[in-house]
Every structure is written in structure tokens, then in C-alpha cells.
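J.: Just to be clear, the model below is a prediction. Sequence and coordinates:
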Amino acid sequence: MRPARLRLAGQVLAVALVAALLGLLGWKLVKGTDGGAAAQLAAGKRPAAPAFTLSRLDTAGELSLASLRGKVVVLNFWASWCLPCKAEAPRLQKAWESRRADGVVFLGVDAQDFRSDARRFMKRFGITYPVVYDGQGSTLGHYGVTGFPETYFVARDGKLAGERVQGEISDEELERGIEAALAASP
Amino acid sequence: MKLLAAALAVLVLATGALAAGGRPRAADLEAELVCPTCKTTLDQSNAPVALRMKAYIRARIEAGDTAAKIKAALVDQFGPAVLAEPPKRGFDLLAWWLPLGGIALAVVAVGALAWRWSRSRGEAEEAVAPLGPELERRLDDELARFEP
């Protein structure tokens, strides 16, 4: 190959490499800051609740969110080391006991936590609703979870409804979210 | 005095050997593991989960676990992203080999450029046309004027 052609090939390769790296950076920036489903919910949309299948902490086996289609789901992200999670735990358990007859399911997602700590937490607060384990936090980005606790409401059609609640949830916020999910897909 | 120095040297060597092959040090592990919520190494984090992980590491060291066993247990709980360095196997090997490949490529490129540059300089020197007899005579005359 002649030196001029060799130089041209080298330049093309270098430009292509830089373009590829810039593309990768752009993709990462766009993907990394999309805010997940929470951002769409805040924009007034009703995105589908991101699917997941995770191992259960309350019993053996796995649980898939898709298996709860047709029911209103109160989806609560928590961790045993989080103080507001401790404060809201009895409230969630109480609400689960009073609303389960209405076809409302509570589902806890314990994330970025030790399994043993999570089980101790569940025992301490007498939690009887299903809880799944997401040690790696793989669901957090899809939902747009920015801290613990965070609560979402999934309507019967599998789409999010109401508002995301960041931090310790109140009785009023819980009721408002459940009613919004019930009304979204009667 | 010599005896004291020798004893100190033995002590230092023994401590080093113990640290390298014996019980893992919490500080070393905390520098090699990442807090899952703040994404910094454990030794630089005071996040609640990081504090819990530090306590776990100390408890496992006390129980006699090796560094590898402690790391494996934490990866089982929090996933491979908890390791500050990617594992040296499978696809993660790329993270180790790509920089080395890049450096090797850069060395080859710099070498090739240097070789080309030195070669073109030599050719340029050779390309200078020799002086003709008339010019050579005039140059000698001019130089002779400066000789004492």
C-alpha cells in the first residue's frame, strides 16, 4: 500500500474510533438520565410498570410482577438500613391487612441490602405481604428510584397510576395512591 | 544495637508476610469494594449500607474468612458491581487487556513514526546536490580570506 493511502486509512480509522467513543458517551448520557418510569409518571403519562422477576424473601421461589396483572399493586422499595423504611413499615402492614379484601396487593422490593438483614426487618415489623429481593438494585433504574423508601401504585392494567411517593409514606398518600390505581382501570 | 536492628527487620518481614498470606485486613477490603448506593469505595463512604458492609467485613474477618470468601459473599448479595476492580475472567478480561493493547498499539505507532521520520531526514540529507567545481572553488576562495 502506498504511504499516502496508508495515512488516509489511519486517519479514517482514528476519526471512526473517536466518533464511536463520542456515540457511546452520548448514548450513556441519554440512557443514564432518562429518569425511568417515574419521570414519565411525573410528566402526566401512565407508563407500564417495568417488569421484573425476583426471588422472594418471605417464602421460597420467585415472584414476577406480571403474575399480579389484574390486581392493584402497591409497590414499595425499601432497605433494612433505611430509617424512614422502619417508620413506615407498620403503616404498610396495617394498610395491607385492611385493603387486601379489595384485591389490593402489597409488594415490597428490598434492594441493595443483606438478605439476612431484610428477613430480620420483616420479622421485627411483622410484615406478611410478599417481599422480593433485589440486592443488585437492578429494578431501581427502570423505575427511577432515587432513594429509599419509594412507593409506586400499579393499576390492574399493569400501568403505573397516581403519584410516586418518595420518602416515608403517610396514610393519606397510601389511600390516595390506591384509589388512583383502582380508578385508573376499573 | 545490631541485635535490635535484626529483631526489628524480622518483625517487619513477619508482619508483611502475615498481611500478604494470612488474615485479610479490613482496610484493604474496604478499598477494593464499592458502596452500592454512592458508588465510591467503602473506605470513602459513610452511607448506611457502606457502614453495614464494613461491619459485615469485620465480622467475617473475625470469623476467619479469607478475603476471597468475603468478596464472594458480598458479590452474592450485591452483585459484581460491588467489586472496585472487574474480575479477571470472561468478558471482564477486556477491561484489563484493552488498556494494555492500547498502550502496545501506541508504542508501535510512535516507533513507526520515529522510524519514518529518521528515514525521511536521511533521504533529505542525501538529496542535497553536491557543489559544482566552480562553486567549490569560490567557496574555498571565500574561506581562505578568513584564514590568518
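T.: Looks like it arrived, so ask away.
J.: what's the closest non-adjacent residue to the residue in chain B that chain A sits nearest to?
T.: Nearest residue of chain B to chain A (C-beta to the nearest C-beta) works out as residue B:79 at 3.3 Å. For the C-beta atoms, the positions are set from N, CA and C on the backbone; glycine is no exception. Nearest residue to residue B:79 in three dimensions, chain neighbours excluded: residue A:136, at 3.3 Å (C-beta to C-beta, 6 or more residues apart in numbering or on different chains).
J.: Write out the residues of chain B neighbouring chain A.
T.: Applying C-beta under 8 Å from any C-beta of the partner chain, one finds that chain B approaches chain A through B:36, B:37, B:48, B:49, B:51, B:52, B:56, B:76, B:77, B:78, B:79, B:81.
J.: Please flag which of those residues sit within helices.
T.: Using DSSP state H, the subset of the residues of chain B next to chain A located in helices is B:48, B:49, B:51, B:52, B:56, B:76, B:77, B:78.
J.: Now a PyMOL select for only the buried ones of those residues.
T.: The buried subset of these, as determined by 16 or more other C-beta atoms under 10 Å in any protein chain shown, is captured in PyMOL by this line:
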select buried, chain B and resi 48+49+52+56+77+78
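J.: which residue ranges form the strands in the chain?
T.: By default, I'm working from chain A. A:53-56, A:62-64, A:72-78, A:104-111, A:131-134, A:150-154, A:160-166 (DSSP state E).
J.: now the fourth one against strand A:150-154, angle please.
T.: Right, strand A:104-111. With axes from the mean of the first three to the mean of the last three C-alpha atoms, to 10 degrees applied, the angle from strand A:104-111 to strand A:150-154 works out at 140 degrees.
J.: what's the spacing between strand A:104-111 and its chain's center?
T.: Relative to its parent chain, strand A:104-111 has a centroid offset of 10 Å by C-alpha atoms, centre = their mean, to the nearest Å.
J.: what's the answer for the third one, then?
T.: Taking C-alpha atoms, centre = their mean, the mean C-alpha location of strand A:72-78 is offset from the chain mean by 9 Å.
J.: Likewise for the second one?
T.: From the chain centre to the centre of strand A:62-64 is a distance of 14 Å (C-alpha atoms, centre = their mean).
J.: ok so, going back, make TSV out of the residues of chain B next to chain A and add pLDDT.
T.: Shown next, in TSV, are those (pLDDT from 0 to 100):
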residue	pLDDT
B:36	95
B:37	94
B:48	95
B:49	96
B:51	97
B:52	96
B:56	97
B:76	96
B:77	96
B:78	97
B:79	95
B:81	93
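J.: How is chain B divided into domains?
T.: B:25-85, B:91-148 (automatic domain parsing).
J.: I'd like those domains as CSV, with distance to residue A:182 appended.
T.: Formatted as CSV, these follow (distance: least, C-beta to C-beta, whole Å):
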stretch, distance to residue A:182
domain B:25-85, 33
domain B:91-148, 46
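J.: hang on, the residue of chain B closest to chain A packs against residue A:135?
T.: Yes. With contact defined as C-beta atoms under 8 Å, residue B:79 reaches residue A:135; the gap is 6.2 Å.
J.: Have a look at these two and say which one is more surrounded.
T.: Neighbour count, other C-beta atoms under 10 Å in any protein chain shown: between residue B:79 and residue A:135, residue A:135 has more, with 22 against 16.
J.: That one contacts residue A:116, doesn't it?
T.: No. Between residue A:135 and residue A:116 there is no contact under C-beta under 8 Å: 11.5 Å.
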